[in-house]
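Student: Sequence and computational prediction follow.
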Amino acid sequence: MLLAALLAGCGGGSRDKTTSVAKPPPATTNPPPPQSPQPTATTNTPPTHHRRKPQPLENTSTAPLRAGSTYQCGGSALKTIDARGPIKVQPPVVQPGHTFAVTITAKNVHTVVVSLAGVSLKPIEATAKPDHGNLTATIKMPAGAGCGNKLLDIEGDLTAEAFIGVSQ
């Protein structure tokens, strides 16, 4: 009986059977629903409007850097660097371990983060706070910072660069 079941093709189908393949659902041409604005990193609230292009710094995109006062760096004389524009660094030269202030004088700027580059393996950042109609960020230069001009990145409602000198 077992042999008869195997010869009969137990579970097999007939030759007349046809198979059909299910068609995929039709593609929709409707766009995805609009998404709400993404929250900002500093306030966790959606922005009220989006910038269409970068905000230039009062015609400074083509202005060259300007050399300023002289200071001592390891026995050599260096000059400070002024990037021109609405960013003021006070004092323009600090010693390692001292603090300095970065003031943004541009109008309609409400959120700015200032980053100090090239002096530490860890990021050094400060969020600017309102100060007499401007925004000011205070940063402490690390005690182990080498002398020379250091880059400050300003990002937020305004994107710019500035420099701080480190003397020894």
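Tutor: Okay, I see it.

Student: Hmm, P96 is touching K140, no?
Tutor: No. Assessed by Cβ atoms under 8 Å, P96 is found out of contact with K140, at 9.6 Å. (Each C-beta comes from the backbone N, C-alpha and C, glycine too.)

Student: Check the contact lists of those two and give me the overlap.
Tutor: With contacts defined as Cβ atoms under 8 Å, 6 or more residues apart in numbering, no residue is shared by P96 and K140.

Student: could you pull out the helices for this structure?
Tutor: Using DSSP state H, the helices of the chain run over 2-8.

Student: For it, which residues score under the pLDDT cut-off?
Tutor: Counting by pLDDT under 70, the chain has low-confidence residues at 1-64.

Student: which residues of it fall in strands?
Tutor: Taking DSSP state E as the criterion, the chain contains strands spanning 66-73, 76-82, 87-90, 93-94, 99-104, 112-116, 124-127, 129-131, 134-140, 148-156, 160-166.

Student: same for the first one, what does it pack against?
Tutor: Spelled out, it's strand 66-73. For strand 66-73, the packing partners by 3 or more Cβ pairs under 8 Å, 6 or more residues apart in numbering; DSSP states H and E come out as strand 76-82, strand 160-166.

Student: can you rerun that using 7 Å?
Tutor: Helices and strands touching strand 66-73, as assessed by 3 or more Cβ pairs under 7 Å, 6 or more residues apart in numbering; DSSP states H and E, comprise strand 76-82.

Student: Next, the buried residues of the strand it packs on.
Tutor: Using 16 or more other Cβ atoms under 10 Å as the burial criterion, the residues of strand 76-82 that qualify are 78, 80-82.

Student: before we move on, what about stretch 114-132?
Tutor: By neighbour count with 16+ other Cβ under 10 Å, stretch 114-132 contains the buried residues 114, 116, 119, 124, 126, 128.

Student: now stretch 137-157
Tutor: Residues of stretch 137-157 classed as buried: 137, 139, 141, 145, 147-150, 152, 154, 156-157 (neighbour count, 16+ other Cβ under 10 Å).

Student: For that stretch, list the C-alpha coordinates in PDB.
Tutor: Output in PDB follows, covering the C-alpha atoms of stretch 137-157 (Å, rounded to 0.1, in the frame of the first residue of the first chain):
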ATOM      1  CA  ALA A 137      29.600  83.500  25.300                       C
ATOM      2  CA  THR A 138      32.400  83.100  27.900                       C
ATOM      3  CA  ILE A 139      35.000  80.400  27.400                       C
ATOM      4  CA  LYS A 140      38.000  79.400  29.600                       C
ATOM      5  CA  MET A 141      41.200  78.600  27.600                       C
ATOM      6  CA  PRO A 142      42.500  75.200  28.800                       C
ATOM      7  CA  ALA A 143      45.600  75.400  31.000                       C
ATOM      8  CA  GLY A 144      47.500  73.200  28.500                       C
ATOM      9  CA  ALA A 145      46.800  75.300  25.400                       C
ATOM     10  CA  GLY A 146      49.800  76.100  23.300                       C
ATOM     11  CA  CYS A 147      50.400  79.600  22.200                       C
ATOM     12  CA  GLY A 148      49.300  81.000  18.800                       C
ATOM     13  CA  ASN A 149      46.100  82.000  17.100                       C
ATOM     14  CA  LYS A 150      43.100  79.700  17.800                       C
ATOM     15  CA  LEU A 151      40.000  79.400  15.700                       C
ATOM     16  CA  LEU A 152      36.500  80.100  17.100                       C
ATOM     17  CA  ASP A 153      33.500  78.700  15.200                       C
ATOM     18  CA  ILE A 154      30.300  80.600  15.600                       C
ATOM     19  CA  GLU A 155      27.100  78.700  14.600                       C
ATOM     20  CA  GLY A 156      23.400  79.100  15.000                       C
ATOM     21  CA  ASP A 157      21.400  82.000  13.700                       C
END
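
Student: Before I go, just wanted to say thanks for your time.
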